[in-house]
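>>> Got a predicted model here, sequence first, then my questions.
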Amino acid sequence: MKVGIIGPSDEEISVLIGRSRTLVVTERASLKFYSGLLENTEVVLVICGVGKVNACIATQVLIDQFAVTHIILTGAAGGLDERLNCGDIIVSAQVGHHDLPAEILTEYHPWMNSIYMEADKAMVNACIRVADSAEFAGKVYKGIIVSGETFISCADKYKELAALGAMCVDMESASVAQTCYVNRIPFVVIRSISDHADEDSVEAFESNVEAVSLNSLALVEGLLVGLQSSLH
């Protein structure tokens, strides 16, 4: 098992890079990939940059150049559910684009049956088991994550996305999910709530991103242990 771990920004993943052992740094596509061991698991970590295109590039390089068998995307997100507080964690059950018409995905490549991509059930269930067996600073939920190429900071857009049944919104998850889908690579997204996708979201994100990302990173580490245990 070799796990690719993606974070959009330094604040959202650097802690795991710092905790990894025997790091080897490789540059591909203007990105740095950190290969090493984390929780006795072979990992390749990358700061992909913000946005769906950047995340897609990093994901495909992980698959093609580093032969990862599983992919985890971690970071912060805007909450779309009134139950959520900053620091709560969303584990992806399904992931979709909120800024693409459905027919782009269903009537053209990759000819999907639905606009939503299913996260790997074994990885999702492992996350929930970890959450049930340990204490986290925030609550852990399983739900739908949607992505688009816009940072959401508008109450009207919040309502529109919440009406889709999504629990949170970001700018990378759907492209990672779609890249894994076409390559048949199991994936899961783990996001911590940094803001509430409203008029105050930019300031809240900047203030909270580093602190809340520690919550999702802790769950990532727990998931790596769980995945290792499931193989023995």
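Received, thanks.
>>> Can you name the next helix or strand after the worst-scoring helix or strand of the chain on mean pLDDT?
Lowest on mean pLDDT, DSSP states H and E among the helices and strands of the chain sits helix 155-162, with a mean of 75. For helix 155-162, the following helix or strand on the C-terminal side (DSSP states H and E) is strand 166-170.
>>> Need the contact partners of that following strand.
Residues outside strand 166-170 that contact it (Cβ atoms under 8 Å, 6 or more residues apart in numbering) are 8, 75-81, 84, 90, 96, 98, 141, 143-148, 152, 161, 191, 193, 197. C-beta coordinates here come from the backbone N, C-alpha and C atoms, glycine included.
>>> Okay, now the sheet partners of it, with direction.
Looking at strand 166-170 with DSSP bridges, its partner strands are strand 70-79 (antiparallel), strand 140-147 (parallel).
>>> can you pull out the helices in the protein?
Assigned helices in the chain, in chain order: 14-19, 52-66, 102-106, 121-133, 155-162, 173-183, 201-230 (criterion: DSSP state H).
>>> Can you tell me which of the ones you listed is most buried?
Of the helices of the chain, the one with the most neighbours on average (mean count of other Cβ atoms under 10 Å) is helix 173-183, at a mean of 23.
>>> Which residues outside the least confident helix or strand of the chain are in contact with it?
Contacts to helix 155-162, defined as Cβ under 8 Å, 6+ apart, come from residues 78, 80, 81, 98, 146, 152, 169, 196, 197, 198, 199.
>>> Leaving out sequence neighbours, find the closest residue to the first one.
Here the nearest residue to residue 78 in space, its sequence neighbours aside, is residue 197; by Cβ to Cβ, 6 or more residues apart in numbering that works out to 3.4 Å.
>>> and that neighbour, backbone torsions?
Backbone dihedrals for residue 197, given as degrees, to the nearest 10, come out at phi 50, psi 40.
>>> That one contacts residue 153, correct?
Yes - counting by Cβ atoms under 8 Å, residue 197 touches residue 153, with 7.0 Å between them.
>>> Between the two, tell me which one has more neighbours.
For residue 197 versus residue 153, the count of surrounding residues by other Cβ atoms under 10 Å is larger for residue 197: 28 against 19.
>>> In contact with the more buried one: list those residues for me.
Residues counted as contacts of residue 197 (Cβ under 8 Å, 6+ apart) are 78, 79, 80, 152, 153, 154, 157, 158, 161, 169.
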